[in-house]
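K.L.:
The sequence and its predicted three-dimensional model are supplied below.
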Amino acid sequence: STAVETKEFQTEIRQLLDIVIHSLYTDREIFLRELISNAADAMEKLRYTQLTGPEVKDQDAALEVHIDTDDNSHTLTITDTGIGMTKEELIGNLGTIAHSGSKEFIKHLADKGDKKDLNLIGQFGVGFYSAFMVAEKVTITTRSYHLNGETFIWESDGVGSYTITEGEDRVRGTKMVLHLKEDAYEFAKEETIQRVIKQYSSFVPYPIFVNGTKVNTVDALWTKNKSEIADNDYNEFYKFIANAFDEPLLRLHFSSDAPLNINTLLFVPKENLEQIGFGRTEPGVSLYCKKVLIQEKSPLVLPEWLRFLRGVIDSEELPLNISRETMQDSALISKLNKVVTSRFLKYLDGQAKSEPEKFKEFWEKFNFFIKEGAANDYNHQKDLIKLLRFESSSTEAGELVSLADYISRMKEDQSAIYYVNGPSREVIESGPYLEVFRDKGFEVLFTYAAIDDYIFGSIREYEGKKLISADEADLNLGETNQQERSADALSEEDVLALTNWLKEVLGDKVTDVRESKRLVDSPAVVFSPFGTNSMQRMMQLVNKDF
Ligand code: ADP
Ligand code: MG
């Protein structure tokens, strides 16, 4: 006897639904992971509210996910006892976009039309809509945890609009009924659901029941002993918390008692989504206290340049009732941040030594984050610089050296670390800047990214050695081997005459013409009076506000 309200989906959501509904996407079973992870999120939020906030409806209702299949009516039902949604939340959460990253993701999908990218749907805050890969209609009945809340029914076929109706009061939480498309009837079969849960959701921290039988082990993996955990357990756990379909590239699991009690499990994904054009990655490490979620995907618990990490940081020392507002100023959070970051950098340094190939893969994909940190994060700059890798005049293409490698090979009469910036190895090697270094047998680092020069410019020195750009006009390397004028060289008078003539001919186009002591084979080289090439690139970078 209540009115039915019809509402339009936001434009971007309509666009996304259109792609989701019409794509012939092969891994569509991931929809189940998305809905289960939403159910688990809703229960995490409820648990936190229960511990810290006001009284909730149905205080004793067990925190469980129930999945029921009906092969006759071809429906799949997922029920949780989480926080539920008010009417405003239904409208705000299911039908509009919450993150800017989701918009970019949808635009990317629409432009590129690459269906395998649908795999990433859960990583961009729009996982719910994957339900429409398999359902021709979705009916959601939800009751918010507020004591005086009401029950609402949301329904849609995913085309253009949805309806909201008032429902009869029910137990706290959310029930989603998927009316399956004909080609997706398999998801009304118990065996299919069991298999998919095993694959993607075995580490949900709440019991999952399929048609009344519990199917998962409920464990906070990060609190277990490393020796009890198999690689596969870690991988499955990663897939669950990162909404990922592939395995992680690296992982670090560590526990400590001092200076803080911490249990941490961190993962580096296989791909850097920023690098492959998906816009800025949002932080992905959640903060827990004794297995209770305090802040999901916390922007505070790690520095921004570690936003590519996925995982969990659990510390017993956090006060459970720490409010999300005061977290910003919490000395404890910044200490936690420092300790975990240092530990992770130490781990990477260890990886570089023990698994160089893997580290190289990491470096190729994630170097920009490390460089971003090295340029800005003075707390960790020293450890970050240790991780930097470059090609150099002494390596083959593709082979990388660290600053430590460089120093260990420095010539006796060499006092500084030299580097030269250029767009590629070929350009640098064919340019005039290297000549004098070749002649002296000094190694030169090749920096291809403007940020490399920014870092070198800002640290200036490493292990007591100055960092000097090889294209500096006033470079002084001491005596070169070519100091003796060869018999067929110009006399000093001729050189003077030549430079004067050049100055006259070139006029305003140059500020000076000088005899060079650094050239060996090239006849001439041009330097900018406004600083080195590197410096100019650096200024462009700063102005671009990276
Ligand atoms: P994300 O989970 O990344 O926020 P989704 O598209 O999966 O993105 O879900 C959108 C939002 O809808 C969630 O953030 C949550 O607020 C709400 N939501 C989805 N499912 C549930 C549920 N079972 N219980 C309560 N809220 C839910
Ligand atoms: Mg979700």
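P.N.:
Okay, I see it. Ligands and ions are numbered 1, 2, ... in the order given.
K.L.:
where does the most centrally placed residue in the chain land in three-state SS?
P.N.:
Geometric centre of the chain, nearest residue: Phe308, 2.0 Å, by CA atoms, centre = their mean. Under DSSP: H, G, I helix; E, B strand; the rest coil, Phe308 falls in the coil class.
K.L.:
how about it, what does it touch?
P.N.:
Neighbouring residues of Phe308 by CB atoms under 8 Å, 6 or more residues apart in numbering: Val268, Pro269, Asn272, Glu274, Thr281, Gly284, Phe366, Phe369. Bear in mind the C-beta positions are built from the backbone N, C-alpha and C, glycine included.
K.L.:
ok, of those residues, which one's closest to ligand 2?
P.N.:
Within those, the smallest distance to ligand 2 is 13.0 Å, found for Gly284 (CB to the ion).
K.L.:
measure Glu461 to ligand 2 for me?
P.N.:
Look at Glu461 and ligand 2: by CB to the ion, to the nearest Å, they are 47 Å apart.
K.L.:
Among the contacts of Phe308, which are located in strands?
P.N.:
Residues of the contacts of Phe308 located in strands (DSSP state E): Val268, Gly284.
K.L.:
Neighbour-wise, which one of the contacts of Phe308 leads?
P.N.:
Within those, Val268 tops the neighbour count with 25 neighbours, counted by other CB atoms under 10 Å.
K.L.:
contacting residues around the residue lying closest to it once chain neighbours are set aside?
P.N.:
Computed as CB to CB, 6 or more residues apart in numbering, the closest residue to Val268 that is not its neighbour in sequence is Leu250, at 4.1 Å. Leu250 makes contact with Phe267, Val268, Gln351, Lys358, Phe362, according to CB under 8 Å, 6+ apart.
K.L.:
Any residues of this structure in contact with ligand 2? List them.
P.N.:
Asn38, Gly127 (CB under 5 Å from the ion).
K.L.:
Identify each buried residue in stretch 46-66, please.
P.N.:
By neighbour count on 16 or more other CB atoms under 10 Å, the buried set for stretch 46-66 is Leu46, Arg47, Tyr48, Thr49, Gln50, Val56, Lys57, Asp58, Leu63, Glu64, Val65, His66.
K.L.:
Any idea how far apart the tips of that stretch sit?
P.N.:
17 Å (CA to CA, to the nearest Å).
K.L.:
now that stretch, how far from the centre of its chain.
P.N.:
Its chain's C-alpha centre lies 32 Å from the corresponding centre of stretch 46-66 when counted by CA atoms, centre = their mean, to the nearest Å.
K.L.:
Quickly check: that stretch near ligand 1 or not.
P.N.:
No: in terms of CB under 6 Å from any ligand atom, no part of stretch 46-66 sits within range of ligand 1; the closest distance is 9.1 Å.
K.L.:
Contacts for that stretch, please.
P.N.:
Contacts for stretch 46-66 (CB under 8 Å, 6+ apart): 36, 39-40, 43, 77-83, 143-147, 149, 171-173, 204, 206-209, 212, 292-294, 320-321.
K.L.:
can you do 6 Å?
P.N.:
Stretch 46-66 has contacts (CB atoms under 6 Å, 6 or more residues apart in numbering) with 39, 43, 79-83, 145, 147, 171-172, 206-209, 293, 320-321.
K.L.:
What pLDDT is listed against the closest residue to ligand 2 within the stretch 251-400 of the chain?
P.N.:
Ranking the residues of the stretch 251-400 of the chain by distance to ligand 2 (CB to the ion) places Glu296 first, at 10.5 Å. As summarised for this prediction, Glu296 has a pLDDT of 87.
K.L.:
Could you give the number of residues near Leu496?
P.N.:
12.
K.L.:
measure it to Lys503 for me?
P.N.:
11 Å (CB to CB, to the nearest Å).
K.L.:
same question, Thr49
P.N.:
According to CB to CB, Thr49 and Lys503 sit 78 Å apart.
K.L.:
Then Leu94?
P.N.:
Relative to Lys503, Leu94 is positioned 73 Å away (CB to CB).
K.L.:
Look at those two and report which has more neighbours.
P.N.:
Higher neighbour count among Leu94 and Lys503: Leu94, with 19 against 15, using other CB under 10 Å.
K.L.:
Please report how far the more buried one lies from ligand 1.
P.N.:
Computed with CB to the nearest ligand atom, to the nearest Å, the distance linking Leu94 and ligand 1 is 6 Å.
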